[in-house]
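> Below: sequence and its predicted model.
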Amino acid sequence: HIQNTSITSPQTVTMESWRVDPLAYFKRFDVNSDGKLSAEELMPALQSLGFDPTKDDVKKLMDAADNDGDGMIEYESEEFVALLDELDDEPLDKVLEAFKFLDKNGDGQISADELRQLVTKFGSPMSEADADKLIAIADQNGDGFIDYAEFVEMQNMSTVLI
């Protein structure tokens, strides 16, 4: 019988908790408590999430998120946000590629109708009802169009819906 305690070792943390409170999750791996994550500190944090990164993968992540070039990811900065974006399921460049493909006229938005066509006819087609739910969630400002920011949010949500 295992006692449930409030102290959790990194190994027993579920992958979900890093999404719920990423700052608290990653801070546990900040061995020297300097408010920054080094590549050496990032590696075990990623492994605890189920990733199996090579040193090269970690370097790419660091390069992508480390805005000031000091080789560290600061928590209280955009660098940490960038790191989380990089860790998200869909690499952002793939999301941007998909958006540009769907944005036929290049105006920075996809019409709800175009999106409905796509999700009900291609890939693993959704039902009309599911498509309507997806569009209702994606079109946050209700203008009948999905802009890039809404599309990125939709991509993040799609893992929940599917």
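It's in.
> and A136, how many neighbours does it have?
11 (other Cβ atoms under 10 Å). Yep, even glycine has a C-beta here, placed from its N, CA and C like the rest.
> Revised request: answer the last question for L83.
22.
> D107 too?
Around D107 there are 10 residues (other Cβ under 10 Å).
> which SS state does it fall under?
At D107 the chain is in coil, as set by DSSP: H, G, I helix; E, B strand; the rest coil.
> Got the phi and psi for it?
Main-chain dihedrals, D107, degrees, to the nearest 10: phi -90, psi 10.
> Quick one: low-confidence residue ranges for this protein.
1-20, 50, 88-95, 155-162 (pLDDT under 70).
> For the chain, which segments are assigned as helices?
For the chain, the helices defined by DSSP state H occupy 15-20, 22-27, 39-48, 55-65, 78-87, 92-102, 112-121, 128-138, 148-161.
> gap between the second one and the chain center?
In terms of Cα atoms, centre = their mean, to the nearest Å, the gap separating the centre of helix 22-27 from the centre of its chain is 15 Å.
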